[in-house]
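Visitor: Coordinates for the following, if possible.
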Amino acid sequence: MVWIFLSPDFPPNYHLFPWHFRQGGGVSAGISAVPASSLPPHVSQALSWYESVGDLHDTEAVIVAARRIAERFGTPHGVDSFNEYWLPLEAAVRETLQIPGPKPADLPAFQQKSLMKAFFQKAGIDPIPGQVAQDLLDVERFVATHKLPIIAKPDKGVGASATFKIASPQDLSHFQKAFRSGYLLEKYITGTIQTYDGLVDRSGRIVFAGSLEYSRGVAEVVSEDTDIFYWVQREIPPDLAKIGPRIVEAYNLRAQFFHFEFIRSSEDGRLYPLEVNMRPPGYPTLDLFNFAYDIDLYRLWAEVIWSYPVEAPTQASYYACYIARKQQIGYLHTHEEVLRRLDSRLIYHAPTNPLFRAAMGDYHYVIRTPDREEMLELAYFAQKRLTL
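Guide: Take a look at the predicted model:
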């Protein structure tokens, strides 16, 4: 079996997908912009073959490289980057080489938030009221109907960039000045972000499922340049465990990861679906699930692709938590004090890649503990602010 891995060198943990696929006897063929001589040794060792292109944004160059792989090893059986940013590139390669999996025509349902609402309804879930604004008149009408506050975000977008919370006439005026056609307007819901994440096998059976909870919304973290911590819940909330599989079924997913985001209303505890992502949760979150469940999801994915019988744990043994800090924030406790306090609960700590710093901080600590209260106490300790 032959599989093409786009950008196997980044994020830095994703070389483990081709590594495990190759260990199963497959041909792991990588395509990226890094010269072969500059690939880290662990990435080179994960790959059976590598093609370097000048720029992964050059779709034609990537397709030419994929054709060379097909000529050498036979038509690939799959293409993956496991990254939202490269989904269109994956789809273009699949369509050109007639490889199974989502094609360009399938992507709008995965990437346009307005179209996701129809799939939520198909799954029997009421979405948040919203519409795509083509002009300022649409904005005025939506505000008149739903009142402030509202959220405005790109209908198609990665992460929380260019997202506006409009809570006052001043906010509305600012948004109108920055307005571009195609913004999705939604009623603003105050609450807690929770997720339903997992992996389905070739028959659509969910072989792994887990859930994250966030200390605050990512859009808030980015817009206010503040910090965040988030964690793997030891048990998936019952309503989320019921709703999540229905969305998987509505999309008819096969042999792939998913990452569904919800907001739980602080008023009545009701879950509202926000968006779907047909990929693993972003770096380094997949490892949080590994730490919480004592599992290797990179290996589990390869076993799914090879159609091996797989059984994953149904409940986490730990709360695994990612704690971010930002340089411009004055923290009460020094880095050394944080390390001493986290002690045996600390798995690792490291600078955050600058590409992710807006949402993920400049530095992070990853901990795990079986006790939720201890997890929260340690996170609050690491992020406690100086006070005057």
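
Visitor: the strands in the stretch 251-388 of the chain, which residues?
Guide: Under the criterion DSSP state E, counting those that start in this stretch, strands of the stretch 251-388 of the chain are mapped to 256-265, 271-277, 319-325, 346-351, 363-369.

Visitor: which helices and strands does the second one pack with?
Guide: Where contact means 3 or more Cβ pairs under 8 Å, 6 or more residues apart in numbering; DSSP states H and E, strand 271-277 is packed against helix 113-122, strand 191-200, helix 238-251, strand 256-265. Bear in mind the C-beta positions are built from the backbone N, C-alpha and C, glycine included.

Visitor: cutoff 7 Å now
Guide: For strand 271-277, the packing partners by 3 or more Cβ pairs under 7 Å, 6 or more residues apart in numbering; DSSP states H and E come out as helix 113-122, helix 238-251, strand 256-265.

Visitor: Equivalent analysis for the fourth one, please.
Guide: If you count contacts as 3+ Cβ pairs under 7 Å, 6+ apart, strand 346-351 packs onto strand 363-369.

Visitor: Compute the inter-axis angle for the strand it packs on and strand 346-351.
Guide: Interaxial angle of strand 363-369 relative to strand 346-351 (axes from the mean of the first three to the mean of the last three Cα atoms, to 10 degrees): 170 degrees.

Visitor: quick revisit: of all the helices and strands packed on strand 271-277, which one is nearest His15?
Guide: Minimum separation from His15 across the helices and strands packed on strand 271-277 (Cβ to Cβ) falls at strand 256-265, 16.4 Å.

Visitor: That closest one vs strand 271-277, what angle?
Guide: Using the same axes, to 10 degrees: strand 256-265 against strand 271-277 is 150 degrees.

Visitor: And strand 256-265, what's buried?
Guide: Neighbour counts over strand 256-265 (16 or more other Cβ atoms under 10 Å) mark 256-264 as buried.

Visitor: Export the residues you listed to CSV and append columns for distance to Ile125 and pLDDT.
Guide: Formatted as CSV, these follow (distance: Cβ to Cβ, whole Å; pLDDT from 0 to 100):
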residue, distance to Ile125, pLDDT
Gln256, 21, 96
Phe257, 20, 98
Phe258, 15, 98
His259, 16, 98
Phe260, 10, 98
Glu261, 13, 97
Phe262, 9, 97
Ile263, 13, 96
Arg264, 13, 97
